[in-house]
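**Q** sequence below, structure please.
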Amino acid sequence: MPCQLSLSPDETLLTVPVLYWVSISQDAEEHRLWKPSGIYEGRVQLLDENPNSLNKSILLQNVQWADNRKYKCKLSINTEKAKGFRSKGNETLLTVYDAMTFNLAAPNDSLLHCEINVTREPGFVLSIDHNGHKTQSVDSAPGVPVVARPYVTLSETISLRGGGKYECQLHLNKDLITKSILHLLLPGVVEYPEPWLLYAALLLVPVTFLLVLVPVLLCRC
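**A** Below you'll find the predicted structure:
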């Protein structure tokens, strides 16, 4: 999670900045993320351990569904020019998604199905491309929230449109989050290798004829 302190050239730090990272839940209650406490203990580390560094970004490990929320960094700073003040960074929204499944929809091998679990963000969109073109879904689950689950399930099912490259994509608004690719060859379609031996044999016929003809003509001359 990014947090970079920016100071003007004429400002000089008098003391080491004191960093606070907090998580903001839906009820606006703040929970301390740095230094780690509660559910964050043992899962958070600074990317730059130097206390005088202006980079105060952190790494959150072993991400869980419950980590889906907004985070914000705060710094208590004391400079020669501005004296003591607290600076707040922009909010960082952490979204979580599961592994994507993308395969033929058994037992019907004429359908292709893609599915993924994501946190409850309205901007998540799942789609399937065929050879770079959007396809029309025959069955779609936009993700209906279930109270007992911290996630929703998005799914898309399409009819196969021939062999080629199929790609399932998960977008959050305009950003591509993850994708899965399948290269399919439809049943009953056989790909034959290029008949290079046949090509070579056909080329040898006129070459052989010329090799025989040239000495004959030379002898007649």
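**Q** ok, now how distant is the nearest residue in space to Lys74 that is not next to it in sequence from Gln4?
**A** Once flanking residues are discounted, Lys74 sits nearest to Tyr20: 4.2 Å by C-beta to C-beta, 6 or more residues apart in numbering. Where you see a C-beta, it was placed from the backbone N, CA and C, and this is true even at glycine. Here the criterion is C-beta to C-beta, to the nearest Å. By it, Tyr20 lies 15 Å from Gln4.
**Q** residues in contact with the residue found closest to Trp34 once you drop the neighbours it is linked to in the chain?
**A** Nearest residue to Trp34, sequence neighbours excluded (C-beta to C-beta, 6+ apart): Trp21, at 3.6 Å. Going by C-beta atoms under 8 Å, 6 or more residues apart in numbering, Trp21 touches 1, 3, 32-34, 44, 58, 71-74.
**Q** filter the residues you listed to the buried ones?
**A** Neighbour counting with 16 or more other C-beta atoms under 10 Å marks 1, 3, 33-34, 44, 58, 71-74 as buried within those.
**Q** ok so, going back, reformat the contacts of Trp21 as CSV; add pLDDT.
**A** Listed next are the contacts of Trp21 as CSV, based on pLDDT from 0 to 100:
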residue, pLDDT
Met1, 90
Cys3, 89
Arg32, 84
Leu33, 87
Trp34, 88
Val44, 93
Ile58, 92
Tyr71, 92
Lys72, 90
Cys73, 90
Lys74, 88
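**Q** count of neighbours near Ile158?
**A** By other C-beta atoms under 10 Å, the residues close to Ile158 number 23.
**Q** low-confidence ranges in this structure?
**A** 26-29, 144-147, 186-221 (pLDDT under 70).
**Q** okay, domains of it per the record?
**A** 18-93, 101-184 (automatic domain parsing).
**Q** relative to Ser8, which of those is closest?
**A** domain 18-93 (8.0 Å; C-beta to C-beta).
**Q** just give me how far that closest one sits from the chain centre.
**A** Here domain 18-93 is found 24 Å from its chain centre; the criterion is C-alpha atoms, centre = their mean, to the nearest Å.
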